[in-house]
Each structure stands twice: as C-alpha cells, then as structure tokens.
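>>> sequence-free structure coming up:
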C-alpha cells in the first residue's frame, strides 16, 4: 500500500485564500439571508444579522485583495465584532438576563481573540472581555451564566495554547523535511528530492526529460583557487541553471559537481540544453573563472524505468565529455547499446 503524502493535504497560499473566501462568503450569505427572513416575518431584530452579513461581505472583499495581509483582515473583524458586542452590552437593560446570542458572542470573542492575537495580547483581550461580561452579569444576578462564560474563557485559552503547540511542532517537522530535501550548499533540491520527482513522473507517465550536467574541469578550480571559490562556483552554477530552467522544470544538485535538470513535456530538451550551457558560461564567476558544462540527456519515453533513464543520461554525458566537453549529447548511445556495454 502506498504511503500517504502529508504534503497532499497542506493548503497552498492560494488554497488558503480560496478557503477563506468561501467561509466569509457563506457566512455573509447566511447572515443576510437570516436578516431577510426576520424582516419578512415582521421582526424588529434584524440589525444583528444584517451587521454580521455586511462585516462578512467586507471581509470577503478584503480577503480577495492580495494586497491586504490576512492578519489585518482578521484583526479588523475582531475589532468590528468587539464594537458590535460592546454596543449590545451597553444598551442592555440593567437587571435583565443576557440573551443567549449575546452570551454566545462572548465565547466567540474569546476564541477569536486567542486565535488572531499573540498569546500575551490574546490573554489580555480575553481578560477585558470577561471583565465587561462579569460586570453585566453580576448586575443581572446571573451567576450561572458568569460561571459558564468563565469556563468557556479557560477552555479557549487551553485550546489556543494546545493549537499553537501543535502548529509549532508541525512547522518544525516541515522545516526538518525541507532540510532533508535541500542541498545545503546551493539551496537546490538534493538527490533524494529529485529521485522522488523522477519516481512520481515515471509512476504517472509524465513525458519528462532528464538532463545530467557536469562542470568541466572542476577539480582544477578547487586545486588552483581553493574550495571556497569552488563552493561559490557551485552556488552560482545552481543559480544560473535554475534561472534558465524557469517554470519548465526542476533543478537538483546530483552530487559533487553534477546537477540534474528535470524538464516537463512542454520544454524542448535541445533548446533548453543549449540555454543552460550558455547561461553557465555567460560571465566569469568567483575567482574570475569562466565555467563550462557538459550534459547528457534522456527522455522517459526512451526507457522503462528511472534507473534506465539515469543510466542513459549518464552514458550520454560521458560521450559529451569525451568528445571535447562544453557540449550536449541527447541521442547517442541508445539504451540497448548501454545495456550491451554493461553486460560486457
């Protein structure tokens, strides 16, 4: 059985924005619909759902604008909800019990305050909300509601602290996962990450091409100029390869002075190979050295497995280097010739 991929269930930035758009949009529609039904029923208590619907509609419009950070939208909603509930508490008849909707609003403010605000400010905000509610409930003599609201506040604080702990642990796990899949010198994908991409492409039948590149005479750079210059050359080659590939593929440091580029089906291997070689030798790098690369490429459609794909690309890289370096080889040898050489 295949192992579930946790990344599959993580929302991307655009996914989170769409989720919030749906939530605020549905909340606005529900509130405005309730106000309409109350109006048709002849009820005079339509201003609460009407105000809530308008606030949610404004929030939906703000979330749709990528220029406004979500945090400011959340804080703005919290301020608006606080003012709304505060107005209801100020206009409440002294001695009369609080309506259930207003009591529920207090629980909502507790939860929202702990979620939106940092821990310290969230606790301070929750304390202020509890103090105001306590004053109102003590005047009405509703000690049961006061106890229940205080319990809700404690539960909100606990859930917030628990949720923040889980979020921190998840962020730490994701950071370790990124480190495990990233080459520490160049910041590119490492061999493990690229192998995962290759296996996924082979499993799904994507028409990809692998280009295996090797920096020509890299050992001489290390010997003459030192490993610090050699490391900077590796970083700069990685940057130039990534810029040249763009959105048409992925780049990984395969090992040592070798890089592997995985191109999607829309990219031309011949044109991309030429662009990669030109990008690398376009300008001198650290130490004033001009660097060239040789590359060998193979398409997944030429082979049956990822292992054969890599073996064929490596064989063609060897041909490119033995034919004078600073060149690309995408057709010679064929897979059956490599297999015969291996058997021999």
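It's in. Bear in mind the structure is a predicted one, so any value in this text is a computation, not a measurement.

>>> What are the contacting residues of the helix or strand hosting residue 277?
According to DSSP states H and E, residue 277 maps onto helix 269-281. Helix 269-281 has contacts (CB atoms under 8 Å, 6 or more residues apart in numbering) with 209, 211, 213, 237, 240-241, 243-245, 248-249, 261, 263, 290-293, 295, 297, 299, 326-328, 330. Yep, even glycine has a C-beta here, placed from its N, CA and C like the rest.

>>> List the buried residues of that helix.
269, 272-273, 275-277, 279-281 (16 or more other CB atoms under 10 Å).

>>> got it, and stretch 85-98?
85, 88-89, 92, 98.

>>> Endpoints of that stretch, how far apart?
12 Å (CA to CA, to the nearest Å).

>>> average pLDDT across that stretch?
Mean pLDDT, computed over stretch 85-98, is 76.

>>> Could you do stretch 298-317 as well?
Mean predicted lDDT for stretch 298-317 stands at 95.

>>> Just give me the neighbour total for the residue lying closest to residue 210 once chain neighbours are set aside.
In this structure, residue 210 finds its nearest non-sequential neighbour in residue 313, 5.0 Å apart by CB to CB, 6 or more residues apart in numbering. The number of residues packed near residue 313 is 26, by other CB atoms under 10 Å.

>>> and if you look at the one 5 residues further on?
If you count neighbours by other CB under 10 Å, residue 318 ends up with 17.

>>> Now that it has come up, it's in contact with residue 311, right?
No. At 10.8 Å, residue 318 and residue 311 do not qualify as touching, with contact defined as CB atoms under 8 Å.

>>> Look at the residue sitting furthest away from the middle of the chain and give its secondary structure.
Largest separation from the mean C-alpha position in the chain: residue 95, at 51.7 Å (CA atoms, centre = their mean). Here residue 95 is recorded as coil under DSSP: H, G, I helix; E, B strand; the rest coil.

>>> now, which of the buried residues of stretch 85-98 sits nearest residue 306?
Distance to residue 306 across these (CB to CB) is lowest for residue 85, with 59.6 Å.

>>> Which helix or which strand is home to the closest residue to that closest one other than its chain neighbours?
In this structure, residue 85 finds its nearest non-sequential neighbour in residue 105, 4.6 Å apart by CB to CB, 6+ apart. Per DSSP H and E, residue 105 falls inside helix 100-116.

>>> just residue 37 next, same as before
Element membership for residue 37, per DSSP H and E: helix 13-40.

>>> Which elements pack onto that helix?
Judged by 3 or more CB pairs under 8 Å, 6 or more residues apart in numbering; DSSP states H and E, helix 13-40 is in contact with helix 47-64, helix 70-90.

>>> Could I get the buried residue list for that helix?
Buried residues in helix 13-40 (16+ other CB under 10 Å): 17, 20, 24-25, 27-28, 31-32, 34-35, 38.

>>> ok, back up a step: winner for burial among the helices and strands packed on helix 13-40?
Counting by mean count of other CB atoms under 10 Å, helix 47-64 has the highest mean neighbour count of the helices and strands packed on helix 13-40, with a mean of 18.

>>> Not counting it itself, show me its contacts.
So helix 47-64 is contacted by 17, 20-21, 24-25, 27-32, 34-35, 38, 68, 70, 73, 76-77, 80-81, 84, 88, 101 (CB under 8 Å, 6+ apart).

>>> picking up where we left off before, the helices and strands packed on helix 13-40: which one's closest to residue 115?
Shortest distance between residue 115 and these, using CB to CB, is found for helix 70-90: 7.9 Å.

>>> packing partners for that closest one?
Helix 70-90 packs on helix 13-40, helix 47-64, helix 100-116, helix 119-140, going by 3+ CB pairs under 8 Å, 6+ apart.

>>> Throw these into TSV and include distance to residue 195, thanks.
Conversion of those to TSV gives the following (distance: least, CB to CB, whole Å):
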stretch	distance to residue 195
helix 13-40	27
helix 47-64	38
helix 100-116	39
helix 119-140	41
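
>>> angle of the helix holding residue 37 against helix 47-64?
Between helix 13-40 and helix 47-64, the angle comes out at 160 degrees (axes from the mean of the first three to the mean of the last three CA atoms, to 10 degrees).
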